[in-house]
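# no FASTA, just this:
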């Protein structure tokens, strides 16, 4: 069980809080740290709340970085945090190409 | 652990109920079975905040929410829920489609909803990206959409700030009665949570949990699939649907389009973890491009799937249970629970406090299924 009312160390602003971590969605380190203090304790919740890893690269660049920041804020090992779900398609694909799967000919 | 009210299910319904209870000073524990808050239909829906096309039994809830809660929700929750109220277009391309839309419109007008039939040209005046394939539409100017992800997490954040106690990874497997009243929820790991009221809002799982106190709600899991595109400059803010129900969706604040899909095979999806099929997105792209040819070059970047708790008569059960006093059911939302969730959270908090509910809820009782 994961108790969401457990005490975290207080949020202290840091000089690198303006650093962009998720480049596709332009989410900063400070926003991620604050989200943890607002109760977002898993990578999936951070994603739903801030959109980290939901842009064009689908988190292929920032997932590891986000995980490290969240783990540090929670005071746990990064390996204790599960990962967010990977989703199809592997690369962005135009609608007109995706539509051309041979169906719809009736 | 004890609280005045135990809520089983940390989706938007459970979080909204917890928010309203905590605001009234009621102590509340929310138990989420999965690792993540809002892991079911709450974050796996098309984001419609829509009155048109709804069952008349659900209309009072959505009309109340749109009038009284949605416009201020971002401020209430200190979270941008991206609410837009710029109308709903339901599109048609044939005489048969027109008859479907006229039937829906007639039913809604009887319930005092401002919705009307318009021509293809009138629809193109509202949304200039529509193709000539559209020959008719229904138009409800007070409908809209919002972001299910931030709305769900916003209710969670706000409820938590007000002192609601959330525990995830805590799957409830049994309810127990003491002296004839349902007052305990027991987790798979054996922890017992006790309260004078238990709200059961665990999606389809509610069926198994309710059965431990002899209550059964006729519902089935049905797959819902969605595709999300890359972000582009704002094009339009209406919520879209079709008479064929082959796709629905909108453009988000972020610029991406979110389109819900419907290829007809959803009730026959593989059980277990919800997985996007390989054919639904392609079928939906064909439907979307027929009405919006200019979207053909936009890139799909993500697909996802989720389970709906589809009730036998396609509206939810939101009701205290007489044979199991203390238990309040909130399940069977059938894929359209998101828009009404702010009103449902309010009504549930009133039920749990034995107050009169702000809306008459008798049409959504648990004992309506007797033939």
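Looks like it came in fine. Nothing here was measured: the structure is a model prediction, and the numbers come from that model.
# quick check: closest non-adjacent residue to residue A:70.
residue A:36 (5.7 Å; C-beta to C-beta, 6 or more residues apart in numbering or on different chains). Every residue, glycine included, has its C-beta placed from N, CA and C.
# how about whichever strand or helix holds the one you found: buried residues?
Taking DSSP states H and E as the criterion, residue A:36 maps to helix A:29-37. By neighbour count on 16 or more other C-beta atoms under 10 Å in any protein chain shown, the buried set for helix A:29-37 is A:29-36.
# before we move on, back to that, how about the contacts made by the residue nearest to residue A:70?
A:8, A:46, A:69-70, A:73-74 (C-beta atoms under 8 Å, 6 or more residues apart in numbering or on different chains).
# restricted to buried residues, select these in ChimeraX.
The ChimeraX command for the buried members of the contacts of residue A:36 (criterion: 16+ other C-beta under 10 Å) is given here:
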select /A:46,69,70,73,74
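# closest one to residue A:40 out of the contacts of residue A:36, please.
Proximity of the contacts of residue A:36 to residue A:40 (C-beta to C-beta) peaks at residue A:46, which lies at 4.9 Å.
# dihedrals phi and psi, the closest one?
When read as degrees, to the nearest 10, the backbone of residue A:46 gives phi -60, psi -40.
# cool, the one 4 residues further on as well?
Torsion angles at residue A:50 (phi, psi; degrees, to the nearest 10) stand at phi -110, psi -20.
# hang on, it packs against residue A:27?
Yes: between residue A:50 and residue A:27 there is a contact under C-beta atoms under 8 Å: 5.1 Å.
# that older thread, among the contacts of residue A:36, name the ones in strands.
Among these, no member falls in strands (DSSP state E).
# between the contacts of residue A:36, which is nearest residue B:95?
So of the contacts of residue A:36, ranked by how close each gets to residue B:95 (C-beta to C-beta), first place is residue A:46, at 49.3 Å.
# tell me the confidence at the closest one?
Residue A:46 is assigned a predicted lDDT (pLDDT) of 97.
# isn't it right up against residue A:40?
Yes: counting by C-beta under 8 Å, residue A:40 is a contact partner of residue A:46 at 4.9 Å.
# any weak-confidence spans in the stretch 201-350 of chain B?
Regions of the stretch 201-350 of chain B meeting the criterion pLDDT under 70 are absent.
# which parts of it are helices?
Secondary structure of the stretch 201-350 of chain B by DSSP state H, counting those that start in this stretch: the helices cover B:206-211, B:280-291, B:341-352.
# out of those helices, deepest packed?
helix B:341-352 (a mean of 26; mean count of other C-beta atoms under 10 Å in any protein chain shown).
# can you give the contact residues for that helix?
B:4-5, B:12-13, B:15-21, B:23-24, B:26, B:42, B:61-62, B:64-65, B:68-70, B:73, B:151, B:155, B:197, B:199, B:201, B:316, B:318, B:320, B:328, B:330, B:337, B:356-359, B:361.
# picking up where we left off before, so which of the buried residues of helix A:29-37 is the closest to chain B?
residue A:35 (8.8 Å; C-beta to the nearest C-beta).
# check contacts around the closest one.
A:45-46, A:49-50.
# quick check: of those, which has the highest neighbour count?
residue A:45 (29 neighbours; other C-beta atoms under 10 Å in any protein chain shown).
# nearest spatial neighbour of that residue, skipping sequence neighbours?
residue B:36 (5.5 Å).
# ends of stretch B:319-333, what's the gap?
From its first residue to its last, stretch B:319-333 covers 13 Å (C-alpha to C-alpha, to the nearest Å).
# so which bits of it are buried?
Quick answer for stretch B:319-333 (16+ other C-beta under 10 Å): B:319-321, B:324, B:326-333.
# for those residues, which one is nearest residue B:50?
residue B:333 (14.0 Å).
# ok, that closest one touching residue B:307?
No: counting by C-beta under 8 Å, residue B:307 is not a contact partner of residue B:333; they are 11.1 Å apart.
# overlap of the contact sets of those two?
With C-beta under 8 Å, 6+ apart, residue B:333 and residue B:307 have common neighbours B:41, B:203.
# give me the contacts around stretch B:62-72.
B:49-51, B:54, B:76, B:81, B:83, B:85, B:113, B:142-144, B:146, B:339-343, B:346, B:358-359.
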